[in-house]
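Chemist: no sequence on this one, just coordinates:
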């Protein structure tokens, strides 16, 4: 019993990971078909994961409604929206044009006029959180924070029409020697060179961390996916 609970999952992960690595570097039979078959299995496993997530969602909201916890009304709205969208979205598009997922159906009406505005509202709230985080990050206390503040101001002003108008006025109306204050050109320089270099460094770090984590999982060092880190 301990073999199937502890050792067998590690063995499956090791063999699967080793086969995927070989298939990536050896594009010959039978390894060239491993990646395609693995993609099919990934879709199958994802379907089971979707069913598990759906069941967990239903159970958590049902318990909240049954126990009368704070916010149970929102759970009722969730159930109502789930039932309506499922019924009108799953039923085939036949003589009754209200069913299905085509344009003009109730499902698409809910998506266009309920889901999309709600998603836009949630994302618009992120602007306030970003502004709050930027204020805390850009407080001038060190040289690094000062450089970040100046760079952020140049980029923000240079990306708006007012910044372009100001740059054009300084160079064309006053003197072409003031080309160094063209915020639009400074913004392009900052976005094309320092930002790209920093982004590539971040991507390299992410890639190395991904490789290290994958090796830990394949070799059985990382076992948190089994519910325990032992």
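Modeler: Okay, I see it. Just so it is clear, the structure is predicted and the values come from calculations on it, not from any experiment. Numbering: from 1, shown residues only.
Chemist: how far is the top helix by length along the chain from where the chain is centred?
Modeler: Among all segments of the chain classified by DSSP state H, the helix with the greatest residue count is helix 34-67. For helix 34-67, the distance between its averaged C-alpha position and the chain's averaged C-alpha position is 18 Å (C-alpha atoms, centre = their mean, to the nearest Å).
Chemist: Also stretch 149-169?
Modeler: For stretch 149-169, the distance from its own C-alpha centre to the chain's C-alpha centre is 29 Å (C-alpha atoms, centre = their mean).
Chemist: Give me the distance between the two termini of it.
Modeler: As for stretch 149-169, its first-to-last residue distance stands at 24 Å under the measure C-alpha to C-alpha, to the nearest Å.
Chemist: Distance-wise, check the residue most central in space within the chain relative to residue 132.
Modeler: A centroid search over the chain (C-alpha atoms, centre = their mean) returns residue 123, at 13.0 Å, as the residue closest to the centre. With the distance defined as C-beta to C-beta, to the nearest Å, residue 123 ends up 16 Å from residue 132. Every C-beta, even on glycine, is put in place using the N, C-alpha and C of the backbone.
Chemist: can you check residue 59 too?
Modeler: 35 Å.
Chemist: any idea which element the residue nearest to the centre of the chain lies in?
Modeler: Following DSSP states H and E, one finds residue 123 within helix 116-137.
Chemist: Can you name the element that comes right after that helix?
Modeler: Scanning forward in sequence from helix 116-137 by DSSP H and E, the next helix or strand is helix 143-158.
Chemist: okay, the angle between the helix or strand following that next one and helix 143-158?
Modeler: Remark: after helix 143-158, the chain's next helix or strand is helix 161-169, criterion DSSP H and E. Interaxial angle, helix 161-169 versus helix 143-158 (axes from the mean of the first three to the mean of the last three C-alpha atoms, to 10 degrees): 90 degrees.
Chemist: residues making contact with the helix or strand just after helix 161-169?
Modeler: Sequence-wise, the next helix or strand beyond helix 161-169 is helix 183-192, with elements assigned using DSSP H and E. The set of residues external to helix 183-192 that reach it, using C-beta atoms under 8 Å, 6 or more residues apart in numbering, is 151, 154, 155, 157, 158, 159, 163, 164, 166, 167, 179.
Chemist: Repeat that for stretch 70-78.
Modeler: The set of residues that contact stretch 70-78 without belonging to it, under C-beta under 8 Å, 6+ apart, is 61, 62, 64, 65.
Chemist: Centre of the chain to that stretch, how far?
Modeler: Worked out by C-alpha atoms, centre = their mean, stretch 70-78 lies 26 Å from the chain centre.
Chemist: related to what we said a few turns ago, list buried residues within the contacts of stretch 70-78.
Modeler: Among those, those classed as buried by 16 or more other C-beta atoms under 10 Å are 61, 64, 65.
Chemist: can you pull the contacts of the second one?
Modeler: For residue 64, the contacting residues are 71, 72, 75, by C-beta under 8 Å, 6+ apart.
Chemist: Going by neighbour count, which of the residues you listed comes out on top?
Modeler: Ranked by neighbour count under the definition other C-beta atoms under 10 Å, those are headed by residue 75 with 18 neighbours.
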